[in-house]
Structure formats: C-alpha cells, structure tokens
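Engineer: build me a model from this:
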Amino acid sequence: MILLTSTSDAVQVVTSAAAAIDVHASWVDALAGVITPGRNNKAIVTATTTTVVAAPASSTQRNLRAMHIRNKHASLACDVTVQHTDGATIARLYKLTLSPGDALEYTDQHGFVPPPNTTAGIGEAPVDGQIYGRQNSGWTSITASLGSYVQKAGDTMSGALSVIPTAATDGVQLSGALGQARVIASGASADIGVFYSAKGNGAHYFYAGGFARVGFSVAAGAGANTYVQAVGAVGRSTLQNNPTGTPIDIHDGNLLGTPTAVTPPPLDSSAKVATTAFVSNAVAAGAGGAYVGSTPPASPAEGKQWLDDTTGILYTYHVSTSSSAWIETGPADSVAAGTVVQTAYAEYTALTSTSAVFAGVIDAVPQQSSGTELLTVTISPKAATNKLRLHFNAPMTCGAASGMQVSAFRDGTANAIASSSLTAPSAAYICSMNLDVEIVAGSTAATTFKIRYGNLQTGIANNVYVNGYAGNRYLGGTQRASLQVTEIAA
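Structural biologist: Residues are numbered from 1 along each chain as shown. A predicted model of the protein is given here:
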C-alpha cells in the first residue's frame, strides 16, 4: 500500500535515458466515507522525473492500488526509479533497469514485481548452470569452484566430490574423506548446520555444537546430547534426551522438558518456532479474513479487515510510521438507496402549555431562543451522505382565536430548519399540527433535533395547549405529541 495523505504528496518515476516508457497508475480516493477511483497514463520519452500520481485534494486520502511501467523501446534499456515525495523528503522505493520490452508492476497485494528474467542485483550477466548466493551484502556465483560437478543442460556429470579444498568458500557444498556432506559457512572450522555420514558406526549426524544422531539406532556414546532415534518396530519414532536414557514414543505426548518458544512480532516472516497460543492469537488478529462485529477487533495487524455489521461498511487497518487507523475501504453495498437504515422516536402525552411568542412572522426565520421546547430526539447517522427525515404531529389548542407555531432546530444552530403554523378560529378549537422535513445527515456524529412551540404573533393574550385545554388533558393520554427521525440510505 502506497498512501498519499497530504496536498504535497506525489509518486514520481525517474528515467535515466530517452527510451519510451509507458506508465499507468490506478488509485482510489477516500473522503468522508466516499470512495472515488482514479487513474493516470503517462508516456515518457526523455531522461527526466515525472509525476505519475499527483497529490490528492485537501482532507482526501489517496491509495495507489496498481502501477505498470513498461519499456516499449525497440533497443534502448533504461534505469527506472519509483519514488514517493511529501514535498520536502524523497523516499526512493524501487529501482531497476528495464530492458526493451520489460515491465515493472506494482500492486497493492504483492508490492513491486520485476520482470521474470531480470538480473537486477546479481552484478553480472547470468551464466548457464551457475548458482548464485548472497555474500557480504552482494550476489556471487557459488558454483565456480565446483567446475564440472554442476550439470548443465546436455552435460554429463564426471569426477567425485571427495576432496575438501584448502580455501573454503561461503556456500560451497563439499564432501570429505569420511563421507561428510559439508556446507562451509564463514570460516574453515564453521561446521554448524553440517550433515555427516559414515562415521564409523553407520549413523547419520547433524552437527549443532555437538553431534546429534539422526535416523539409525546406534550404541550410546560420547558427544550426543539430544538426538532422534528409530528403534524397535519398523516405523516407530522415539525421542531420547541422552545416549543412555530410555527412548520415549514421540506420539504418546509425554515429551520431557519444558518447551520454550519465541513470540515474533506481527509481520515477522522469519522461520521461528511459535507457541500454540501465539498462532491462535495471530490467526484471530491477522490479515486473513474479515472480522464481523459492531466494534473493531482488539490489537489488529496491518491489513486486517473489519465489517461493521450495523452499517455494512468494510474497513481495513493500516499502520504507518507515525500512526495507525481503520480506513473505510468499502461502502455499505448491502443497503440499497431509499432503504430505511434506522429510526429514533420521542413522544409527549401529558398536558402542557406555553404563552411564549415566536419573534417575527413576516419573512423572518424563527430563532431557537423563541418559543418553548416540547420534544427532542438524538440520532447517530450511519453515513454522512444518508438523508434524515423528520415527522412531527401534535394535537394543539389556543386560549383565544389566534395563531400557533412549531419550529424544528438542529443541535445549537440558531435558525430553524423547518416550521409550521395554524390559526384557530376560536378558543378550545383542536388543531392537528404537523411538520415534515428531509435533510442530508452531513456527518456520522450524534445530532439532536428539537421541536419548539408557541404563539405565532404578539399583541394577543393567549396560551397554546398540547394534548388538552385549560387544565384538562383529553383522551386519557392516548393522544400525544410525537417526533420521529428516520435515516434513509442515499
């Protein structure tokens, strides 16, 4: 994964020659839960530095998912360097020489993949039959001293590996006078990791600071501290702690001693022994498979995926050098547009009244400082792009022939988002007051909607009643004022 997280970030390709280099890059942008794909094509024909993935817009995270770089020149090779810059520091990610027709690929899953026939890093043109190994931080041939003992296509093996050269070479496999198969490792006497055979009694040994016998039933003798023996019936495997102890069947579960094991950190791919508990925890927290739940898993590894089963949104855990976070990588595909995601509801059944007056009537937006609060509902939207639909209803009466008003407000915003009004023709006249409005959520943070009510106009002494009139509640509480907020998928 290569991320561009600021307006100064960019991915660049540096070419060393005037070849013909084609570059294609594909990415996705994440902004406030919205995923937007993008791509770019470049044709480079000079020795230059070219921006192939530009910086994202403000507050946008750009994830480079794939990049393909191909040298289509008929005869000219070109050194290609891929680098990431944040506007101040350049990090060179990968460099190789692209021969005519060769291509370098980068994918989010596999990283950089060079051409299958590349010789980058070897330091010489490969020779038929040569075997190369790492020595002193470089590549070198390890078959030069074996000569004709390395078989090439069509060759016939000749000679015998029976002499140990006086000058040992790292990585060269040899055979000694006793039939040892030795691998020299940085020193004439460095025999650790060497297999020996035909040492007087027909046993096979593995040397690891002391001879460890492997494979045959042999007499007890000096020099073997721990070894595996095959004794008794054919196929029976035993483990013996010392040459004179009693063999124990490996399969009976009664192995001696206290096993110890390292616990490698996440992303450690070294060949170390791990405890059962470590493997179980790694499988649970690792990148394989998606965790499903309403809250993310604890101690996730890089690349771990979490499917929020309350929203249907898929997240991927990303660890950088300075921070770590769950990044939304998939929308709630299972929720179709127009589907009801959730609702929040509140009601009021008691008798209540107010003499408060809303300031201004003619083309003036009602303010939250006017009227009296009647109902509130709080909801946490599942997606910022979803819609929130408010529906309010209440039985209301006046103490005189006058106007009544209700207004809806959001959080601490002073201006009303919607209002409704009625004029009662006489006192005690029951009116059904309704208010409906639909807005975009705009955020996934919890938000509170409020209904305030009161007199529509000044100059008239009047009370506005809800659920009754003049001290009497109507219908025993079965009529009510109610507010419902419905979240609808965009």
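
Engineer: contacts and neighbour counts: CA atoms only from here.
Structural biologist: OK.

Engineer: mind checking the pLDDT average for the one helix or strand residue 70 maps to?
Structural biologist: Under the criterion of DSSP states H and E, residue 70 resides in strand 61-71. Strand 61-71 shows a mean pLDDT of 95.

Engineer: just the CA atoms of it, as PDB, please.
Structural biologist: C-alpha atoms of strand 61-71 as PDB (Å, rounded to 0.1, in the frame of the first residue of the first chain):
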ATOM      1  CA  GLN A  61      -6.500  10.000   1.300                       C
ATOM      2  CA  ARG A  62      -5.300   8.600  -2.000                       C
ATOM      3  CA  ASN A  63      -4.300   4.900  -2.000                       C
ATOM      4  CA  LEU A  64      -2.200   3.800  -5.000                       C
ATOM      5  CA  ARG A  65      -3.600   0.300  -5.900                       C
ATOM      6  CA  ALA A  66      -1.700  -0.600  -9.100                       C
ATOM      7  CA  MET A  67       1.000   0.800 -11.300                       C
ATOM      8  CA  HIS A  68       2.500  -0.700 -14.500                       C
ATOM      9  CA  ILE A  69       5.800   0.600 -16.100                       C
ATOM     10  CA  ARG A  70       6.900  -0.800 -19.500                       C
ATOM     11  CA  ASN A  71       9.900   0.000 -21.700                       C
END
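
Engineer: which other helices and strands does it contact?
Structural biologist: Using 3 or more CA pairs under 8 Å, 6 or more residues apart in numbering; DSSP states H and E, the elements in contact with strand 61-71 are strand 2-4, strand 21-31, strand 103-107.

Engineer: can you redo those as CSV with distance to residue 69?
Structural biologist: Output for the helices and strands packed on strand 61-71, formatted as CSV (distance: least, CA to CA, whole Å):
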stretch, distance to residue 69
strand 2-4, 16
strand 21-31, 5
strand 103-107, 5
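
Engineer: got these as JSON lines, with mean neighbour count and mean pLDDT columns?
Structural biologist: Converted to JSON lines, the helices and strands packed on strand 61-71 look like this (neighbours: other CA atoms under 10 Å; pLDDT from 0 to 100):
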{"stretch": "strand 2-4", "mean neighbour count": "20", "mean pLDDT": "93"}
{"stretch": "strand 21-31", "mean neighbour count": "19", "mean pLDDT": "95"}
{"stretch": "strand 103-107", "mean neighbour count": "19", "mean pLDDT": "94"}
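
Engineer: how about those strands, which one is nearest residue 72?
Structural biologist: Residue 72 lies closest to strand 21-31 among those, at 6.2 Å (CA to CA).

Engineer: which outside residues touch the closest one?
Structural biologist: 35-45, 52-53, 56, 59-73, 328-329 (CA atoms under 8 Å, 6 or more residues apart in numbering).

Engineer: same thing with stretch 410-423?
Structural biologist: The contact list for stretch 410-423 (CA under 8 Å, 6+ apart) reads 365-369, 401-409, 431, 433-437, 447-450, 456.

Engineer: just those residues: which are in strands?
Structural biologist: Using DSSP state E, the subset of the contacts of stretch 410-423 located in strands is 403-409, 431, 433-437, 447-450.

Engineer: in PyMOL, how would I select just the buried ones from the contacts of stretch 410-423?
Structural biologist: This is the PyMOL syntax for the buried subset of the contacts of stretch 410-423, where burial follows 16 or more other CA atoms under 10 Å:
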select buried, resi 365+366+367+368+401+402+403+404+405+406+407+408+409+431+433+434+435+436+449+450+456
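
Engineer: and stretch 413-423, what's its mean pLDDT?
Structural biologist: For stretch 413-423, mean pLDDT is 94.

Engineer: er, stretch 346-356 actually
Structural biologist: 95.

Engineer: tell me how far the ends of that stretch are from each other?
Structural biologist: Start-to-end span of stretch 346-356 (CA to CA, to the nearest Å) is 22 Å.

Engineer: what residues does that stretch touch?
Structural biologist: Outside stretch 346-356, the residues that touch it by CA under 8 Å, 6+ apart are 370-372, 374-377, 453-455, 461-469, 471-473, 477-484.

Engineer: same deal with stretch 442-457?
Structural biologist: Contact with stretch 442-457 is made by 354-361, 368, 370-386, 402-411, 421, 462-464, as judged by CA under 8 Å, 6+ apart.

Engineer: hmm, back to that, name only those of the contacts of stretch 346-356 that count as buried.
Structural biologist: Buried among these by 16+ other CA under 10 Å: 370-372, 374-377, 453-455, 462-469, 473, 479-484.

Engineer: dig out what residue 488 forms beta bridges with.
Structural biologist: Beta-bridge partners recorded for residue 488 (DSSP bridges): residue 340, residue 387.

Engineer: for it, which residues are in contact?
Structural biologist: By CA under 8 Å, 6+ apart, the contact list for residue 488 reads 337-342, 386-389.

Engineer: show me what residue 37 is bridged to.
Structural biologist: With DSSP bridges as the criterion, the beta-bridge partners of residue 37 are residue 28.

Engineer: and residue 12, by the same measure?
Structural biologist: In this entry, residue 12 is beta-bridged to residue 51, residue 83, by DSSP bridges.

Engineer: which stretches of this structure have low pLDDT?
Structural biologist: Along the chain, the parts satisfying pLDDT under 70 run over 117-275, 277-289, 330-335, 458-460.

Engineer: could you redo the last one with a cut-off of 50?
Structural biologist: Residue ranges of the chain with pLDDT under 50: 121, 123, 135-137, 145-245, 248-253, 255, 332.

Engineer: pop the domain breakdown of it in here.
Structural biologist: Using automatic domain parsing, the domains assigned to the chain come out as 2-113, 161-252, 276-330, 340-488.

Engineer: how about the nearest residue to residue 462 once chain neighbours are set aside, phi and psi?
Structural biologist: Distances taken as CA to CA, 6 or more residues apart in numbering put residue 399 closest to residue 462, at 5.3 Å, once the chain neighbours are dropped. With angles defined as degrees, to the nearest 10, residue 399 sits at phi -80, psi 0.

Engineer: now tell me what touches the helix or strand hosting residue 43 from outside.
Structural biologist: Using DSSP H and E, residue 43 maps to strand 34-44. For strand 34-44, contacts defined as CA under 8 Å, 6+ apart pick out 19-30, 50, 52-53, 329-331.

Engineer: rerun at 7 Å
Structural biologist: The contact list for strand 34-44, computed with CA atoms under 7 Å, 6 or more residues apart in numbering, reads 20-30, 52.

Engineer: got CSV for those residues, with distance to residue 393 too?
Structural biologist: Shown next, in CSV, are the contacts of strand 34-44 (distance: CA to CA, whole Å):
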residue, distance to residue 393
20, 70
21, 67
22, 64
23, 61
24, 58
25, 55
26, 51
27, 48
28, 45
29, 43
30, 40
52, 57
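
Engineer: how much space between the closest residue to residue 463 other than its chain neighbours and residue 367?
Structural biologist: Spatial nearest neighbour of residue 463, chain neighbours left out: residue 355 (4.6 Å); criterion: CA to CA, 6+ apart. According to CA to CA, residue 355 stands 16 Å off from residue 367.

Engineer: now swap in residue 316 and tell me
Structural biologist: 43 Å.

Engineer: my guess is residue 468 meets residue 474, correct?
Structural biologist: Yes. Contact criterion CA atoms under 7 Å: residue 468 and residue 474 qualify, at 4.8 Å.

Engineer: could I get stretch 299-310 in CSV with only the CA atoms?
Structural biologist: Output of stretch 299-310 as CSV, limited to C-alpha atoms (Å, rounded to 0.1, in the frame of the first residue of the first chain):
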residue,chain,number,x,y,z
SER,A,299,-4.8,-5.5,18.5
PRO,A,300,-5.3,-5.9,14.8
ALA,A,301,-2.4,-6.5,12.4
GLU,A,302,-1.6,-4.5,9.3
GLY,A,303,-4.2,-5.3,6.6
LYS,A,304,-6.8,-6.7,8.9
GLN,A,305,-10.3,-6.1,7.7
TRP,A,306,-13.4,-5.4,9.8
LEU,A,307,-17.0,-5.5,8.5
ASP,A,308,-19.3,-3.3,10.7
ASP,A,309,-22.5,-5.4,10.8
THR,A,310,-24.6,-2.4,11.9
